[in-house]
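In: structure, please.
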Amino acid sequence: MTMLRARHLSVGYGSRVVVSDISLDVKAGEVLCLLGPNGAGKTTLFRTLLGLIAPLAGEIDLEGKPLLQYSARDRAARMAYVPQAHAGVFAYTVLDVVLMGRTARLGLFASPTAADELAAREALASIGIEWLAEEDYTRISGGERQLTLIARALAQGTRLLVLDEPTANLDFGNSARVLAHIGALAKRGYAIVLSTHEPDHALSIGTKVVIVHDGRIEATGTPEEIVTSERLSSLYDIKVAVERTESGGKVARPLI
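Out: Numbers count the residues shown, from 1 in each chain. Purely as a prediction, here's the structure:
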């Protein structure tokens, strides 16, 4: 099933077009990686796909229905956004943060029920961090915070996750753990859209890659087709080699 589709989309602010003529789709079980350098327009595209800003042209369908026909609450029940991890200000527990994902399922002024708390705990358990439930969100590691935000998205009960550079500012180990969990969610049937400027993310978990560069979609296809030495060298203006590893995967390595 196609969860999200865009056709001939142009995005931007007012009369300023940031990225134009975008066509993409993501189905259940797929990981669509939006790959491009910082400032390429990935965040503006994300805000448009989420319905936070209106497209300048083109169409977006969510589960086969025009996105703009959904209310904000209905969108949140079908599509969950995972921002970059942040330290947080208030000393909420991890469980409290995940429970916030149930807001889209609650009526106005309603309080979370025992069923909502169960859904939050199940979301934590599904990615293996249920032991963090009573920890102070502001005191856990960056990787644990990012996994908490993913759990919050799962608690919304959606099958489509939109992640904005999910490993930004994480160390190597935490980055690998977060990517592994994202890949596992796709295997469980979730549709994943994520933005990144790291080619290795697309090579490790991507099933589709869309390259965003110079205000347009430069290429779309499988990682094997799209993430090549020649294309990456042009994209990042530096010589890049894409090499096969002993395990059969591929990695991108700058040649400087």
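In: any idea how far Pro83 is from Leu32?
Out: Between Leu32 and Pro83 the computed distance is 18 Å (CB to CB, to the nearest Å). C-betas here are computed from N, CA, C, even on glycine.
In: could you report the neighbour count for Gly189?
Out: 12 (other CB atoms under 10 Å).
In: again with Thr228
Out: Thr228: 17 neighbours (other CB under 10 Å).
In: which residue packs closest to it, ignoring adjacent ones?
Out: Val242 (6.0 Å; CB to CB, 6 or more residues apart in numbering).
In: now Met79
Out: Distances taken as CB to CB, 6+ apart place Leu160 nearest to Met79, at 4.6 Å, with adjacent residues excluded.
In: who's more crowded, Leu32 and Pro83?
Out: Neighbours were counted for Leu32 and for Pro83 using other CB under 10 Å; Leu32 has more, 24 against 15.
In: contacting residues around the more buried one?
Out: Applying CB atoms under 8 Å, 6 or more residues apart in numbering, we find Leu32 in contact with 24, 26, 191-194, 206-210.
In: for the residue positioned nearest the centre of the chain, give me its contacts.
Out: In the chain, the centroid-proximal residue (CA atoms, centre = their mean) is Leu163; its distance is 1.8 Å. Leu163 makes contacts with 81-82, 150, 182, 192-195, as judged by CB under 8 Å, 6+ apart.
In: hmm, 6 Å instead?
Out: 82, 194 (CB atoms under 6 Å, 6 or more residues apart in numbering).
In: secondary structure element for it, which one?
Out: In this structure, Leu163 sits in strand 160-164 according to DSSP states H and E.
In: quick one: low-confidence parts of the stretch 51-200 of the chain?
Out: Within the stretch 51-200 of the chain, the stretches with pLDDT under 70 are 87-89, 105-110.
In: what about Arg139, how many neighbours?
Out: 12.
In: ignore the last one, Tyr70
Out: 17.
In: the residue nearest to Thr228 - that's part of a strand, no?
Out: Yes - the assignment for Val242 (DSSP: H, G, I helix; E, B strand; the rest coil) places it in a strand.
In: give me the number of residues near Ser15?
Out: Neighbours around Ser15, by other CB under 10 Å: 6.
In: for the helix ranked longest in the chain, name the packing helices and strands.
Out: Longest helix of the chain, by residue count under DSSP state H: helix 172-187. If you count contacts as 3 or more CB pairs under 6 Å, 6 or more residues apart in numbering; DSSP states H and E, helix 172-187 packs onto helix 142-155, helix 199-205.
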